[in-house]
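K.L.:
Build me a structure from this.
(one chain, ligands or ions: 1)
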Amino acid sequence: MKKLLIAALTALSLNAANLHFSLHKMETGKGDTLFIIGGIHGNEPGGYFAPMLFLSHYKITEGNVWVVPNLNFDSILQNQRGIYGDMNRKFAVIKKDDKDKEIVDDIKKLMLDPKVSLILNLHDGHGFYRPIPKNDLFNPKAWGQAFIIDQQALAGTKYGNLAEIASKVAKKNNIVLQEDVHEFNVKNTQTKDEDEAMRQSLTYFAIQNKKPAMAVETSKNISDLPTKVLYQLKSFEEFMQLMNIKYKRDFELNLKNVTALLKEYGELEIPPHKIKLPLSDLKPSIGYFPIDAKGLVYKSQNPLVAVIKSKSGYDVYNGNIKVSSLSTQSYTFDDSLKEVEAVSDGKLQKVAIGSYLNVKNSFKINVPSDYRLNIIGFSKKGAENESGIEVAKSEFDKNYSLDKSAKIYRAEIYKGKSFCGMVVVKFD
Ligand SMILES: [Zn+2]
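P.N.:
Numbering: from 1, shown residues only. Below is the predicted model of the structure:
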C-alpha cells in the first residue's frame, strides 16, 4: 500500500489561505477509488477527526481510498464554519481574489481525476433529519444524521444509484447507534430543481461532472465527538464494502476505542532530527522552546496538527483543539551532532537526537566535549554543562515537565550559541 502526501505546504500566494489541505492516497493500484473529503466546514469536527483516525488506523488491502482530512484547514484551527466565507458555496462560481480559490480549484481537479469512482463530503449538520416534521430539531429541514444526495441517481456511472447506496449505508449505520434518536436517513435535496444554494456545493459540482458524490452528515446536536467519529468511520466501511475495497483496521470499532484513539494527538517533529515532541499530554504552555532563527519547519504524522505563529511564539493545534502555546527563543540550528551516548537505569545506549530516552529511575547523557547539555527542570550548583551527570526523576522540578503528568522532560544540546537538538526523556 502506498500512502502518499502530496500537498501539505503553506500556500505561497499572498491571496491564498494560510494552510493548504493534504492529500493521502491509500492505494493498491487495482479496483475502484473512494475519495473521502473532510473538513470543508471548520466547526464540524466529526468531519475531520474521522478521516484523521482512518488514516492512522486503517490499511487498504484491495481497491483504493484517497483522503483529504483537512480541506478548510484555516477554518478548522479556528473552529469556524468558514473564515473566508462558506467554502461549500464556492463550487459553481468563485471570485479570482477569493482566499479559498486555490483550495477549491485544487480539490476540484482531484475530484475529476478519472480514477475517482465515488466522493464523500463529510459534515456535522444541524439537528436530526426526519422526512416528517416533529419539532425544531427533528424535521425535513435538518441536516444531521443523514446521507445527503442531490438527486436520486446519476445515470451512466458505476456508483450513480445514489439513493440506493445511501439507504443501504444508512441502514448499516443504524446498527451501531448509541441512541435511537441518532438514526440515519437519506435526504434528497433535489438540487437541480429545488435547492439553489446547494447548486454551489462540492457534491453538486461532482454530479454535474458525472462523478457520483454525496454528503455524510452526523449531527451538531450530538455533543460527543467520538460518537460522531464512530458513525463516520462506520459509513466509510460500508461504502468501502459496496465498492469491494478491502481494509484492515488495528482496533475494534466501538465507542470506547474511538474515544481512546481520539486522545492520541501524535507527535510534532522539527526536522532534520532536531526535536520530537509527544503531543497527547502536552502542557498548555511551554516556555523557552528553541526554534530555528530562519523560521519554523515542522511535520507530523497527524494531518490535523498545525503550528501557527502567535504573539509570544507559536500555538500547536490538533484540528480545533489548541494543544499548547510555545514561547519560543530563536537560535541558529547546528546539524553537526546526530546522536549522543546515554545511560538509562545503568544501561549504556546510543540515542538519536530528536528522539526519546525511556527511563525508569535515573539517566545520564554524555555529549562530546565541545557541546553542552542543558537538562530543563534540573539544576546542580556550579554545573553549567550537565553532560555526564546522573539525574533521578525525583530531582526534577515538575514545573518544567513537558507534559501534564510530569513524566516527560527535555534535555537540550548546544554548541556555543547554537542549538543542536533535543532528547526527550520519558519516565515510566
Ligand atoms: Zn457542513
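K.L.:
switch to C-alpha atoms for all contacts and neighbour counts from now on
P.N.:
Fine.
K.L.:
Tell me how many other residues crowd residue 38.
P.N.:
A total of 29 residues lie near residue 38 under the criterion other Cα atoms under 10 Å.
K.L.:
any idea which helix or strand carries residue 105?
P.N.:
helix 101-111 (DSSP states H and E).
K.L.:
Next, the angle from the helix or strand just after that helix to helix 101-111.
P.N.:
Going down the chain from helix 101-111, the next helix or strand is strand 116-125, by DSSP H and E. Compare the direction of strand 116-125 with that of helix 101-111 by axes from the mean of the first three to the mean of the last three Cα atoms, to 10 degrees and you get 130 degrees.
K.L.:
Just give the nearest non-adjacent residue to residue 219, would you?
P.N.:
Excluding the flanking residues, the one nearest residue 219 by Cα to Cα, 6 or more residues apart in numbering is residue 144, at 4.0 Å.
K.L.:
so where do the helices sit in the stretch 151-300 of the chain?
P.N.:
For the stretch 151-300 of the chain, helices defined by DSSP state H, counting those that start in this stretch occupy the ranges 162-173, 191-194, 202-208, 225-242, 255-261.
K.L.:
what about the first one, distance to the chain center?
P.N.:
Centroid separation between helix 162-173 and its chain, computed with Cα atoms, centre = their mean, to the nearest Å, is 27 Å.
K.L.:
In that helix, which residues are buried?
P.N.:
Buried residues in helix 162-173, counting neighbours by 16 or more other Cα atoms under 10 Å, are found at 162, 163, 165, 166, 167, 168, 169, 170, 171, 172, 173.
K.L.:
surely the first one meets residue 153?
P.N.:
Yes: counting by Cα atoms under 8 Å, residue 153 is a contact partner of residue 162 at 5.1 Å.
K.L.:
From the centroid of the chain, which residue is nearest?
P.N.:
Geometric centre of the chain, nearest residue: residue 304, 2.5 Å, by Cα atoms, centre = their mean.
K.L.:
which residue packs closest to residue 403, ignoring adjacent ones?
P.N.:
Nearest one to residue 403, counting by Cα to Cα, 6+ apart, is residue 282 at 4.3 Å.
K.L.:
What does the pLDDT read for the one you found?
P.N.:
At residue 282, the model reports a pLDDT of 98.
K.L.:
which ones are touching it?
P.N.:
Shown in contact with residue 282 (Cα atoms under 8 Å, 6 or more residues apart in numbering): 323, 324, 402, 403, 404.
K.L.:
Walk me through the domains of this structure.
P.N.:
Structurally, the chain divides into domains by automatic domain parsing as follows: 2-261, 265-428.
K.L.:
Quick check: which of the ones you listed is buried the most?
P.N.:
Among the domains of the chain, ranked by average contacts under mean count of other Cα atoms under 10 Å, first place goes to domain 2-261 (a mean of 19).
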